[in-house]
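In: Sequence isn't available, so here's the structure alone:
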């Protein structure tokens, strides 16, 4: 028998998110990391709304929020003049605005939550070898005292960064190329400058061949990110505070700017490659986070995409481990997460708000920014892209669209889309409308369908509930009534049902009066060599 259900290699934000999610689902976890202790290096800063929703489903976003700054607006500057403001929070979510919180604080808080769930990170434990068999994964650890330890797990997940030993031992290519002509000089500092420090307010300064992002830190001071050209690729040492000051002063046209280091100080110079693993699963071994995909931090989504991947993977891994679902379910993690990473790499290559542009491109772009920022539609589109709330898995094998789609604004979610957080009533006496997301759960699928009306066929509804009760995975039946016509448009036609995955994405859209479609979808999840699990259940609300 394996020593543990899942071995998670790497105790960064992605590995910790995965471990917490698995523990929430009752899966035994061992977390190992080669570092001697939790890190104090700042690194990533922003948790975007969709990742915050995922962390909320795992019960930890409230803790992070108490140690974060909510980002409400960002002023755009160029050539010493203000071009306009980009605002956040345009879309329906309990976490509609990004959170500024430093990565080492995220890791510290997630470690504490994992410990409350009964699992401590094993520091100074470096995985040096991995072998995968049909029924287990074997791994070797190098310990701090120079000894070696062998272990086994039913599954192993490499979350240990771009130099992943798990990926290397599995022989999985890390495809892509180095990004040339781009470096990031960044650091934390207090600023003596004319813009003050307004909570929740950031700045972007644009200049030829440079782009400077400035965001407030929870503990005081600012994070300065300067994306610039790379005139000296051989320069690898961290920048000095004077170098950072010079870049900030020149880009923002503030010759008298003064910077003072934060405590602890942090300065960093980085260059990047855009790479995605050829596959994220090899039998009982999987990859997540930077071990699976990495790109230049334009847009600041690397950590977020990794945590969303952990949120995607954990419920699938738990279902397969418990024998509720076929192992092909894990292949959908591979295809969905790789597709998401590749989309980000493509999109971030044309993110001209952050990428340094040559002088002609800079002048053309900055001439259009004031006009664009004045349009609410543009603001909504940018916020939707940054928030990740519009990301979807429509091309996934798990996404079955079996009802007609409606074009136009405000259309209902298609299979593969995030389920909207509509206001609904459940019919319980004495209760008013509630947000739909408060009714979804990470430990079960949720069948969202219109509450029964006078003309509905009771036999059809009974068949739907019975199919859910006999299905291989747990399904909770949730009849709802939208609060008004606008909310109804978010839920689709009255005669449609939506089967929502544990991670909040729609798996199936189908007519309520065709229960056979629902039955076929659930049958497709079942293990190919076993009958549906008798422990699965459905509860009518």
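Out: Good, I have the coordinates. What you see is a predicted model; the values in this text were computed from it and never measured.
In: Just the element for the nearest residue to residue 309 once chain neighbours are set aside, please.
Out: Distance criterion CB to CB, 6 or more residues apart in numbering; nearest residue to residue 309, sequence neighbours excluded, is residue 337 at 4.6 Å. Every C-beta, even on glycine, is put in place using the N, C-alpha and C of the backbone. Following DSSP states H and E, one finds residue 337 within helix 328-348.
In: Name all residues that make contact with residue 334.
Out: 279-281, 286 (CB atoms under 8 Å, 6 or more residues apart in numbering).
In: now do 10 Å
Out: 277, 279-282, 286-287, 292, 313 (CB atoms under 10 Å, 6 or more residues apart in numbering).
In: now swap in residue 451 and tell me
Out: 424-427, 478-482, 494, 541.
In: And it, how far from residue 481?
Out: Distance of residue 451 to residue 481, given as CB to CB, to the nearest Å: 5 Å.
In: what does residue 39 give?
Out: Counting by CB to CB, the gap from residue 39 to residue 481 is 48 Å.
In: do the same with residue 93
Out: Going from residue 93 to residue 481 by CB to CB gives 21 Å.
In: the more surrounded of those two?
Out: residue 93 (20 against 16; other CB atoms under 10 Å).
In: and the closest residue to the more buried one other than its chain neighbours, what is it in contact with?
Out: Distances taken as CB to CB, 6+ apart place residue 49 nearest to residue 93, at 5.2 Å, with adjacent residues excluded. By CB under 10 Å, 6+ apart, the residues touching residue 49 are 88-89, 91, 93-99, 304, 383-384, 386-389.
In: Mind doing that once more with 6 Å?
Out: Going by CB atoms under 6 Å, 6 or more residues apart in numbering, residue 49 touches 93, 95-96, 387, 389.
In: How about residue 480?
Out: For residue 480, the contact set (CB under 6 Å, 6+ apart) comprises residue 424.
In: element containing it, please.
Out: strand 475-482.
In: List the buried residues for that strand?
Out: Buried residues in strand 475-482, counted by 16 or more other CB atoms under 10 Å: 475-482.
In: What are the buried residues along stretch 158-173?
Out: 158-161, 164-167, 169-170, 172.
In: Of those, which is the nearest to residue 318?
Out: Checking the buried residues of stretch 158-173 against residue 318 with CB to CB, the nearest one is residue 159 at 16.5 Å.
In: Verify the contact between the closest one and residue 7 for me.
Out: No: if you go by CB atoms under 6 Å, residue 159 and residue 7 don't touch, sitting 10.5 Å apart.
In: Could you look up the SS state of the residue most central in space within the chain?
Out: What sits nearest the mean C-alpha location of the chain, by CA atoms, centre = their mean, is residue 308, with 2.8 Å. With DSSP: H, G, I helix; E, B strand; the rest coil as the basis, residue 308 sits in helix.
In: circling back to that earlier point, number of nearby residues for the residue nearest to residue 309?
Out: 27.
In: if I look at it, how far off is residue 505?
Out: The gap separating residue 337 from residue 505 is 13 Å, by CB to CB.
In: Which of the helices and strands in this structure ranks last by mean pLDDT?
Out: When each helix and strand of the chain is scored by mean pLDDT, DSSP states H and E, helix 485-491 comes last, with a mean of 90.
In: re earlier: between which two of the contacts of residue 451 is the distance greatest?
Out: Going by CB to CB, the pair spanning those furthest: 494 and 541, at 17.8 Å.
In: And the helices in the chain?
Out: Using DSSP state H, the helices assigned to the chain run over residues 13-24, 49-57, 61-65, 103-116, 165-170, 241-252, 302-321, 328-348, 359-373, 376-387, 458-470, 485-491, 515-525.
In: Show the average pLDDT along the third one.
Out: So the one you mean is helix 61-65. Average pLDDT, helix 61-65: 94.
In: Of all the residues in that helix, which ones are buried?
Out: 61, 64-65.
In: for those residues, which one is nearest residue 30?
Out: Among the buried residues of helix 61-65, and counting by CB to CB, the member closest to residue 30 is residue 64, at 24.0 Å.
In: contacting residues for the closest one?
Out: Taking CB under 6 Å, 6+ apart as the test, what residue 64 contacts is 101, 109.
In: Roughly how far does it sit from residue 51?
Out: Distance, residue 64 to residue 51, using CB to CB: 10 Å.
In: for residue 399, same thing?
Out: 21 Å.
In: ok, those two, which is more surrounded?
Out: A side-by-side neighbour count of residue 399 and residue 51, using other CB under 10 Å, places residue 51 first with 27 against 21.
In: Just give the nearest non-adjacent residue to that one, would you?
Out: residue 304 (4.2 Å).
In: likewise residue 225?
Out: residue 213 is the one closest to residue 225 (CB to CB, 6+ apart), at 4.3 Å.
In: and if you look at residue 405?
Out: In space, residue 405 is closest to residue 414, 5.7 Å off (CB to CB, 6+ apart).
In: Which of the contacts of residue 451 sits closest to residue 84?
Out: Proximity of the contacts of residue 451 to residue 84 (CB to CB) peaks at residue 482, which lies at 35.6 Å.
In: give me the beta-bridge partners of that closest one?
Out: Beta bridges link residue 482 to residue 424, judged by DSSP bridges.
In: how close does it sit to residue 436?
Out: Going from residue 482 to residue 436 by CB to CB gives 9 Å.
In: got any residues that touch both of the two?
Out: residue 424.
In: where does this protein have low pLDDT?
Out: Within the chain, the stretches with pLDDT under 70 are 407-410, 430, 454-455, 529-541.
In: Residue ranges of each domain in it, please.
Out: Domain segmentation of the chain under automatic domain parsing yields 4-45+102-173+276-348, 183-270, 400-525.
In: ok, residue 32 - contacts?
Out: By CB under 6 Å, 6+ apart, the residues touching residue 32 are 9, 122, 125.
In: right, and residue 492 touches residue 411 too?
Out: No: in this structure, residue 492 is not within contact of residue 411 by CB under 6 Å, at 8.6 Å.
In: So the two - more neighbours on which side?
Out: Relative neighbour count places residue 492 above the other of residue 492 and residue 411, with 24 against 13, counting by other CB under 10 Å.
In: Just list the residues touching the more buried one, thanks.
Out: When contacts are counted by CB under 6 Å, 6+ apart, residue 492 touches residue 412.
In: Ramachandran coordinates for it?
Out: When read as degrees, to the nearest 10, the backbone of residue 492 gives phi 100, psi -170.
In: Give the bridge partners for residue 73, please.
Out: Here residue 73, judged by DSSP bridges, has bridge partners residue 87, residue 201.
In: I should have written residue 293 there, sorry.
Out: Under the criterion used (DSSP bridges), residue 293 bridges to residue 276.
In: burial measure for the residue nearest to residue 225, as a count.
Out: Counted with other CB under 10 Å, residue 213 comes out at 22.
In: How about residue 219?
Out: For residue 219, the count of nearby residues is 12 (other CB under 10 Å).
In: Leaving out chain neighbours, which residue sits closest to it?
Out: Closest residue to residue 219 apart from its sequence neighbours, by CB to CB, 6+ apart: residue 262 at 7.3 Å.
In: likewise residue 130?
Out: Spatially, and ignoring its direct neighbours in sequence, residue 130 is nearest to residue 169 (4.2 Å; CB to CB, 6+ apart).
In: from memory the one you found sits against residue 131, does it?
Out: No: applying CB under 6 Å as the test, residue 169 and residue 131 come out as separate, 7.6 Å apart.
In: Bridging across strands, which residues link to residue 6?
Out: Going by DSSP bridges, residue 6 forms beta bridges with residue 29, residue 155.
In: just to revisit the earlier point, and the contacts of residue 49, which of them are in strands?
Out: The strands, defined by DSSP state E, take in nothing from those.
In: Any chance of those in a markdown table with distance to residue 29 as columns?
Out: Below are the contacts of residue 49 laid out as a markdown table (distance: CB to CB, whole Å):
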| residue | distance to residue 29 |
| --- | --- |
| 93 | 29 |
| 95 | 26 |
| 96 | 31 |
| 387 | 29 |
| 389 | 29 |
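In: Please pick the buried ones from those residues.
Out: 93, 95-96, 387, 389.
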